[in-house]
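Trainee: Just a sequence and a predicted model for now, questions to come.
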Amino acid sequence: MVIKFNVDKIKQRYKVESTIPLINDVSSLTKPKNNSLIFCLEYKEEFEKSLLKIKESIVLVNKNANIPEKIANSNVVIYVNNPRMEYAFILNNFIDEKKITFPQESYYIDISSRVDSSCCIEPYVFIGQDVTIGKNCHIKSGVKIYNNVTIGENCVFGCNTVIGDIGFGIERINDGHWERIPFDGVPMKIPHFGGVTIGNNVEIGALNTIVSGVIDPTVIEDNVKIDDHVHIAHNCKIRNGAAITGSVVLSGGVEIGQNSWIGGNSIIFQKIKIGRECTIGLASNILKDVEDGETYMGLPARRIKKNNE
């Protein structure tokens, strides 16, 4: 695969005075390539032998690194505070990508829905009624977006994710002693009409389910990042910048605070509120609210620390 980098933008951002060579790939420190983008969090002498074999590459290194002149003479070395962050920034902003379009016959968009023409819709996508999708979104193959869903700009949805389908709301009769199923043993599902509202710059992985709200919408705010195999039940609220890793289950009405991190395989009980800038450790079971800035871990989870402690 050839990656077309916009070297003029790279040169401008990092104030590079020398000529930047054509860069068309990425590579690692252990297996570096010519004409590639490389980042180095911590320069070690063991990398020197492999880096001496390449030329005309961009190497992002920490400002405190001491790169031998013989490496710098053959490549463009850029000193930054956080090499991995700058590597991600370049990949997200300085690649000239050719828009791929698929034949309209390969996917379905209901006539009542509005999808911006700048979006990339892959084959086998289904978009239901009264859906709005903003600019520059990428809807990958097999995604299903059901009725009354609003999506902002610059969002990505992984393969076979389902958004806005009905949740598992079951009503039961309570006679004061126990709950029993009405209508001769048949449970009664509650219809969901609230839909889903998704902000800008949201990335949602493959095989996720994001359930419609019952009356009001399920909400995912700007800049949220969600990994694969995540289930988000009805009327959850995921606040700006939160990150949810793989195989997490959020029960109905859960709120995840701004910039919080939810570790993989965690389960959060219904109507629990996770505060701002919290960390939930791997495979935790959250049964009570978590205050701002706290770290919880375990089964059931317990408080480990507060961020400023």
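Mentor: Okay, I see it.
Trainee: Distance check, the residue most central in space within the chain against S50.
Mentor: The centre of the chain sits closest to K225, judged by Cα atoms, centre = their mean, with a distance of 2.6 Å. Distance, K225 to S50, by Cβ to Cβ, to the nearest Å: 32 Å. C-beta: built from backbone N, CA, C; applies to glycine.
Trainee: quick one: contacts for Q104?
Mentor: Not one residue lies near Q104 by Cβ atoms under 8 Å, 6 or more residues apart in numbering.
Trainee: what separates the residue nearest to the centre of the chain from C159, distance-wise?
Mentor: Separation of K225 from C159 (Cβ to Cβ) stands at 17 Å.
Trainee: thinking again about what came up before, partners of the residue nearest to the centre of the chain in the sheet?
Mentor: E203, A243 (DSSP bridges).
Trainee: Enumerate every residue touching it.
Mentor: Here K225 is in contact with 202-203, 242-244 (Cβ under 8 Å, 6+ apart).
Trainee: let's see it at 10 Å
Mentor: 156, 201-205, 238, 241-245, 261 (Cβ atoms under 10 Å, 6 or more residues apart in numbering).
Trainee: can you redo the residues you listed as TSV with pLDDT?
Mentor: Below are those laid out as TSV (pLDDT from 0 to 100):
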residue	pLDDT
V156	97
N201	97
V202	98
E203	98
I204	98
G205	98
I238	98
G241	98
A242	98
A243	98
I244	98
T245	98
W261	98
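Trainee: among these, who's most crowded?
Mentor: Most neighbours among these, by other Cβ atoms under 10 Å: I238, with 29 neighbours.
Trainee: Please name the bridge partners of that residue.
Mentor: Assigned bridge partners for I238, using DSSP bridges, are I220, I256.
Trainee: coming back round to it: now, which of the contacts of K225 sits nearest G213?
Mentor: I238 (12.7 Å; Cβ to Cβ).
Trainee: For D110, which non-adjacent residue is spatially closest?
Mentor: Q129 (4.8 Å; Cβ to Cβ, 6 or more residues apart in numbering).
Trainee: did I read that right, the one you found in a strand?
Mentor: No. Read with DSSP: H, G, I helix; E, B strand; the rest coil, Q129 is coil and lies in no strand.
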